[in-house]
Structure formats: structure tokens, C-alpha cells
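Asks: Need coordinates for the below:
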Amino acid sequence: AWRPCAESLGLRFAEWDVNDGDGLMAACGWDRIDVAIISYVLYHYMSNDHCASWLADHIRTGKIGAVLVVSRFEDLTAQ
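Replies: Numbers count the residues shown, from 1 in each chain. Model prediction:
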């Protein structure tokens, strides 16, 4: 559902295999992501140490500039 929104703004869109973030970035030729939009996938797929560490490291080093988390839950700390 995000592809038409991104493309209508003139942005590129790529699906993200949360288990291979570096592979996605390499395949797209990206050195950096300005804004990552993480939808409901956060709850289902990114609630593991591997993905959480990858995301945290990339935010810390500036390879990901900002993250917008879209969630149906009021409180993600319990997830």
C-alpha cells in the first residue's frame, strides 16, 4: 500500500526483507536511507535481536537518518 504513495511523491520504493537489510541497500545501490517507514512489520518481523540490532546500528551510524514507525498498538514497549 505504500508504493503508490511514495511514487506519487516522486520517491523510489523498495520492499524490505527485514532479515537482509544490508542486501537490500546494496541491491538498490543505497549508501544511506533518509527516512525508513516501518509499518505493521515492526511487530511481526522486527521483534528479534538480529533486526533490532541492525536497525539500531544504522540509526546510530547515520546510515538511516530517521524512522517513522506506524503501529496499531498504543504501547510498543510491551511487544
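Asks: which residue ranges form the strands in the chain?
Replies: Using DSSP state E, the strands of the chain run over 33-38, 64-69.
Asks: For the longest helix along the chain, name the packing helices and strands.
Replies: Scanning the chain for the helix with the most residues, using DSSP state H, yields helix 49-61. Judged by 3 or more Cβ pairs under 8 Å, 6 or more residues apart in numbering; DSSP states H and E, the packing partners of helix 49-61 are helix 21-28, strand 64-69. All C-beta spots, glycine's among them, are computed from the backbone N, C-alpha and C.
Asks: who wins for proximity to N48 among those?
Replies: helix 21-28 (12.6 Å; Cβ to Cβ).
Asks: what's in contact with that closest one?
Replies: The contact list for helix 21-28 (Cβ atoms under 8 Å, 6 or more residues apart in numbering) reads 12, 14, 16-17, 30-31, 33, 51, 54-55, 58, 63.
Asks: With respect to V70, which of the residues you listed is nearest?
Replies: V70 has its nearest neighbour among these in W16, at 13.6 Å by Cβ to Cβ.
Asks: Nothing else from me, thank you.
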